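Trainee: Show me how the following folds:
(chains A and B)
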Amino acid sequence: MPAISRRNFLKATGLASIVAGIAGEDMFTRMAFAATPYAGDVLVVLSLRGGFDGLSAIVPAAAADYGDYATLRPNIKIPSGQLIQLTPQFGMHPAMAPLKPFWDAQTFGVVHAVGMAQPNRSHFDAMEEMERAAPGSSLRTGWIDRVLGLREPGTAFQATQMGSNTAASAFLGPSPELAMYDIESFSLEGAWDDVERAKWDAALRALNGDAPDAVSAPSTTALDAIATAAALPGDGYVPAHSAVYPATGLGDALSNIAQLIKNPTGLQVAAVDYGDWDMHVDLGAVDTGWMFDKLTELSGALSAFATDLGATAMNKVTVVTLTEFGRRAEENGSGGVDHGYGQAVFLMGGGIKGGQVHGAWPGLAPADLIDGDLNGVNDYRLVLAELLEKRCEATSVSGIFPGIDATRFNIATQA
Amino acid sequence: MGDEGDRGLVSPTSTMPRRSFVRNAVVGSAIASAGIGSTLLQSTPARAASDPTSFLPGADDLHVLRRATWGPTPELHKQIGTMGIDRWLNQQLAPSTIDDHACSALISERFPRLAWTLPQAYNHQDAGWQLMFDLGVAALARAALSKRQLFEVLVDFWSNHLNVANFGDSVWWSRHDYDRSVIRRHALGKFSDMLAASATHPAMLTYLNNAESTKDDPNENYGRELLELHTVGVDAGYTEDEMRTSALILTGLGVHWYDEVDDGTFFYNKGNHYTGPVQVLGWSSSNGSAKNGKAVALNYVDYLAHHPATAHRISYKLCQRFVADEPPAALVDAMASAYLAHDTAIVPVLRTMFGSDAFRQSKGAKVVRPMQDVLATVRILGIKPGTDKKDDGLDGLYWHVESMSDAPLTWVQPNGYPDYADAWRSAGGTLNRWNTHLSLAAGWNHDLKTPNLRRNLLPDTLPKDHGALIQALAKRLVFRTLATPHRDALLAFLGRAATDPISPSSEAVGWRLSYLVALILDSPYHGIR
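Mentor: Numbering: from 1, shown residues only, chains lettered A, B, ... in the order given. The predicted model follows:
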């Protein structure tokens, strides 16, 4: 059969299905989307790879709970007097102080005791399963790809992994994504100035323009994206509102995403990997060490990102953190924590219901633990589903998260 | 039938398999051309389809080289011209008749860890990541350097068909042995043997969780994928009950870990095996004693290998690899017949395919995937590993491919890399390919041994003018001249007219030469096969 571009393919299949009388509800959903360009929030997915210990960040502070916590973690606990009190029930690690103003402004919030359908304590399996987000089904695409599949195809930047040349498996599937180390390096290496770039651009367009679609279409998209990137400040970017990003991979990735948001690039979903959370040994103390350093960087970067964009732009941005699993409730013999289950999810944005710790709290008493872990009672897919429904124009998430139930945590306002 | 799983594209919004989508897309086009189109269709005018063969040399032997190798070279072109296509293919289908000691020596010297047995590797957990990285780089090195090119292409094919993702945290001691004793051992043998070897290999059994599957607490992962991906395919008509039975039949196939032996080798644990009558897709067994459980499981695996749906599915996938993204149905049927007639032997299936008219007529029906692109570039430019054994540049080559998300053996899902053009349309991947062409042509990876471009690609007597220079380069790199508009695009890039003379000091044969080479490799003349 002749080559059909994906765009034509989807439209043609949509029509054909209707004519054939076999269209399901989702087919119509897809058609409805096709008429309007995406106008929902930019969704920023920050993956805390390695298994982020939510219990070090958001600490149960109520008397009985804190007692359980202190018993489980005699050497690595945050002393109760040093917690930043968030609610009567929870306190925050002092290294996260830069996020307190956003908590107070209700643009930073938490969902605690978040988990997957089944505990999975293998980094690799858990990450793949989390990003596939379709337990019990044989879907092999990633959840972000399925989100994009419901929308009109957008620009090359519609789905961008920043900080890495390889996209996360959440992007796996037919919708194209862009993976880049940063904007500055997203360029033709032979073109050192605008004159040279114009020469390369003209030659590549002429060489590929009349090729079959499978070659010409990605070439055109790439050249358009290169031109877009070249017009952005890149390394010369000056953040607004005196925001200062940490000079780290995470800081760079978020400041690059801020550039994509501030300019008409068509960004819809951005993903960043922020790893090194696998703290089996020497997690550290309240004011020094591994966890302190990581939370300091994370909080500084998120705070800079929200400050740089400002409250108005953040009304159209939703940030969510995910990790493949939480850690054991009990510390191990090496001053660290082993692989566990329940995790904590952070939310930022003008449209989330911040200033709250959402989700059911199962507790840390021995009977409440699952194989020694905080129970991940709040399915992370329900968190994502609500964000997609209320902030990202998804009218039905059943195709994104098959078999998902109707529970929601009331974590966002309807856009 | 049965090809959805490997395409990795189960529709996110519908239970309709992709193949039905494609069929309906054809219906849609037919409706549109019959004038019933809505505004929806009118808003997407059909693109004038250009003829992919207009970018390729017409010769059949080059067509064979583009499909049966990781990239044509002038030497191979000469060789197949001398031998003739049939003799050349026969030789490639009998790889042990091809002297490949140079490549083998390089691999064993460069990657001594790959010779480790399972227990040896199991006792080197500290080197586990390095061992897996060795395997990935070695896969690339073999594909680039081996004279057994068709064999190496098939190793890649089977590695994806029976995928065990490299860098998984339960295969660090076993993935290299899986490559050796399952994939490479049987890549041109019988599929039934390969499947049985995979079903008793620690890498597969841990990757798909069969090693932790027990009669009381079965894990269905392997039992499901064995049906859906490895053999009959999701449309073969088995029920969910049969799928669960499949998992029960396989209980007991496990690994010596967390036990007294604890050496990472295969272990049939009869204590885990489910007993009692079992039945799947027409196969049944009384399965009365756990002692015979391994034999029962392997008999089931063998039955699946010989199933007509498996014959069809394997043939379809081979066709998609070697012939066209949408395989011709008649050819698939013919290959499936050969598969069944020869007790699942792979060579007769390949002979049927390569000998078919459909194969010969499929010029231009495939595009080059990123890994193929990098390898074809390395091969056509004559790039070799550097002489410094510690830093021979191969790692850098691996990272090039990795940056395009096509590093060998690392597809994370059990279905293996998709092998059709639609899956490889990423803008970032395209940019990385272009930059890789220039990086390789310009020799920016100093650890690799990159021949001097002018001496390697151009005759001693330089072409007389810029037009002739471009066409001489094209003939050397893509085995044909460029169409005039494409030649002119390169002349415009150089800011020269076709008749502007070339002298030894011309930019086009000096510092701009690597740019010209890269641009030709950036074109469909290199990207379509």
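Trainee: Residue B:219 belongs to a helix?
Mentor: No - counting by DSSP: H, G, I helix; E, B strand; the rest coil, residue B:219 is not found in a helix; it is coil.
Trainee: Now it: phi and psi?
Mentor: Dihedral pair for residue B:219: phi -100, psi 120, per degrees, to the nearest 10.
Trainee: Quick one: neighbours of the nearest residue to it once chain neighbours are set aside, just the number.
Mentor: The shortest distance from residue B:219 to any non-neighbouring residue, by CB to CB, 6 or more residues apart in numbering or on different chains, is to residue B:213 (3.8 Å). Yep, even glycine has a C-beta here, placed from its N, CA and C like the rest. For residue B:213, the count of nearby residues is 25 (other CB atoms under 10 Å in any protein chain shown).
Trainee: again, but for residue A:305
Mentor: 26.
Trainee: try residue A:153
Mentor: 15.
Trainee: do residue A:231 as well
Mentor: Applying other CB under 10 Å, we find 11 residues neighbouring residue A:231.
Trainee: ok, back up a step: tell me how far the residue nearest to residue B:219 lies from residue B:415.
Mentor: Per CB to CB, to the nearest Å, residue B:213 is found 20 Å from residue B:415.
Trainee: before we move on, the earlier item: let me see the contact set for the residue nearest to residue B:219.
Mentor: B:219-223, B:247, B:250-251, B:272 (CB atoms under 8 Å, 6 or more residues apart in numbering or on different chains).
Trainee: May I ask which of those residues has the most neighbours?
Mentor: residue B:250 leads the contacts of residue B:213 on contacts (other CB under 10 Å) with 30 neighbours.
Trainee: Where does the nearest residue to residue B:283 once chain neighbours are set aside sit, in terms of helix or strand?
Mentor: Closest residue to residue B:283 apart from its sequence neighbours, by CB to CB, 6+ apart: residue B:303 at 4.4 Å. Per DSSP states H and E: residue B:303 is located in helix B:293-305.
Trainee: residues of that helix that come out buried?
Mentor: By neighbour count with 16 or more other CB atoms under 10 Å in any protein chain shown, helix B:293-305 contains the buried residues B:293-294, B:296-305.
Trainee: And stretch A:104-121, by the same measure?
Mentor: Buried positions in stretch A:104-121, judged by neighbour count with 16+ other CB under 10 Å: A:107-116, A:119-121.
Trainee: Can you give me the domain boundaries for the chain?
Mentor: Going with chain A. What automatic domain parsing lists as the domains of chain A is A:1-35, A:42-183+A:246-391, A:187-231.
Trainee: my bad, the chain I had in mind was chain B
Mentor: The record's domain parsing of chain B by automatic domain parsing lists B:4-49, B:455-527.
Trainee: worst average pLDDT in these?
Mentor: Per-stretch mean pLDDT for the domains of chain B is lowest at domain B:4-49 (a mean of 30).
Trainee: With secondary structure, pLDDT and distance to chain B as added columns, please give the buried residues of stretch A:104-121 in JSON lines.
Mentor: Below are these laid out as JSON lines (DSSP: H, G, I helix; E, B strand; the rest coil; pLDDT from 0 to 100; distance: CB to the nearest CB, whole Å):
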{"residue": "A:107", "secondary structure": "coil", "pLDDT": "98", "distance to chain B": "31"}
{"residue": "A:108", "secondary structure": "strand", "pLDDT": "98", "distance to chain B": "31"}
{"residue": "A:109", "secondary structure": "strand", "pLDDT": "98", "distance to chain B": "29"}
{"residue": "A:110", "secondary structure": "strand", "pLDDT": "98", "distance to chain B": "29"}
{"residue": "A:111", "secondary structure": "strand", "pLDDT": "98", "distance to chain B": "25"}
{"residue": "A:112", "secondary structure": "strand", "pLDDT": "98", "distance to chain B": "27"}
{"residue": "A:113", "secondary structure": "strand", "pLDDT": "98", "distance to chain B": "25"}
{"residue": "A:114", "secondary structure": "strand", "pLDDT": "98", "distance to chain B": "22"}
{"residue": "A:115", "secondary structure": "strand", "pLDDT": "97", "distance to chain B": "19"}
{"residue": "A:116", "secondary structure": "coil", "pLDDT": "94", "distance to chain B": "15"}
{"residue": "A:119", "secondary structure": "coil", "pLDDT": "83", "distance to chain B": "14"}
{"residue": "A:120", "secondary structure": "coil", "pLDDT": "84", "distance to chain B": "10"}
{"residue": "A:121", "secondary structure": "coil", "pLDDT": "83", "distance to chain B": "10"}
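Trainee: tell me which of those is nearest to residue B:408?
Mentor: The closest of the buried residues of stretch A:104-121 to residue B:408 turns out to be residue A:120 (CB to CB; 26.4 Å).
Trainee: so who does the closest one touch?
Mentor: Counted by CB under 8 Å, 6+ apart, residue A:120 has contacts A:126, A:129, A:324-325.
Trainee: Now tabulate these in CSV and tack on secondary structure.
Mentor: Below are these laid out as CSV (three-state DSSP):
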residue, secondary structure
A:126, helix
A:129, helix
A:324, coil
A:325, coil
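Trainee: Mind telling me the two of these farthest from one another?
Mentor: Based on CB to CB, the longest span within the contacts of residue A:120 runs between A:129 and A:325 and measures 10.1 Å.
Trainee: Can you check which residues contact both of these two?
Mentor: Shared contacts of residue A:129 and residue A:325 (CB under 8 Å, 6+ apart): A:116, A:120.
Trainee: And those two? Which one has more around it.
Mentor: Using other CB under 10 Å, the more surrounded residue of residue A:129 and residue A:325 is residue A:325, with 28 against 18.
Trainee: Contacts only, for the more buried one.
Mentor: Taking CB under 8 Å, 6+ apart as the criterion, residue A:325 is in contact with A:51, A:115-116, A:119-121, A:126, A:339-341, A:343.
Trainee: Got phi/psi on the residue nearest the centre of chain A?
Mentor: Compute the mean C-alpha point of chain A, and by CA atoms, centre = their mean the closest residue is residue A:45, 1.0 Å away. Here is the backbone geometry of residue A:45 (degrees, to the nearest 10): phi -110, psi 110.
Trainee: Would you check that it makes contact with residue A:268?
Mentor: No - at 11.4 Å, residue A:45 does not count as touching residue A:268 under the criterion of CB atoms under 8 Å.
Trainee: What score does the residue nearest to residue B:219 have for pLDDT?
Mentor: For residue B:213, pLDDT reads 93.
Trainee: Also the one 4 residues further on?
Mentor: For residue B:217, the model assigns a pLDDT of 88.
Trainee: quick revisit: out of the domains of chain A, deepest packed?
Mentor: A comparison of those by mean neighbour count, using mean count of other CB atoms under 10 Å in any protein chain shown, puts domain A:42-183+A:246-391 on top with a mean of 21.
Trainee: Next to chain A, which bits of the stretch 251-400 of chain B? Give me the list.
Mentor: Counting by CB under 8 Å from any CB of the partner chain, the stretch 251-400 of chain B comes close to chain A at B:326, B:364, B:367.
Trainee: so of those residues, which ones are in strands?
Mentor: Judged by DSSP state E, those include no members of strands.
Trainee: Which of these are buried? Put it as a ChimeraX command.
Mentor: To isolate the buried ones among these in ChimeraX, judged by 16+ other CB under 10 Å, type:
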select /B:364,367
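Trainee: wait, which of the residues of the stretch 251-400 of chain B next to chain A is closest to residue B:155?
Mentor: Among these, residue B:367 lies closest to residue B:155 (CB to CB), at 21.2 Å.
Trainee: hang on, the earlier thing: closest one to residue B:359 among the domains of chain A?
Mentor: When the domains of chain A are compared by CB to CB, domain A:1-35 sits nearest residue B:359, at 17.5 Å.
Trainee: low pLDDT regions in chain A?
Mentor: Applying pLDDT under 70 to chain A flags the ranges A:1-35.
Trainee: where do the helices sit along it?
Mentor: For chain A, applying DSSP state H gives helices covering A:6-20, A:25-34, A:54-57, A:63-72, A:100-104, A:123-132, A:143-149, A:194-208, A:213-230, A:249-262, A:290-314, A:380-391.
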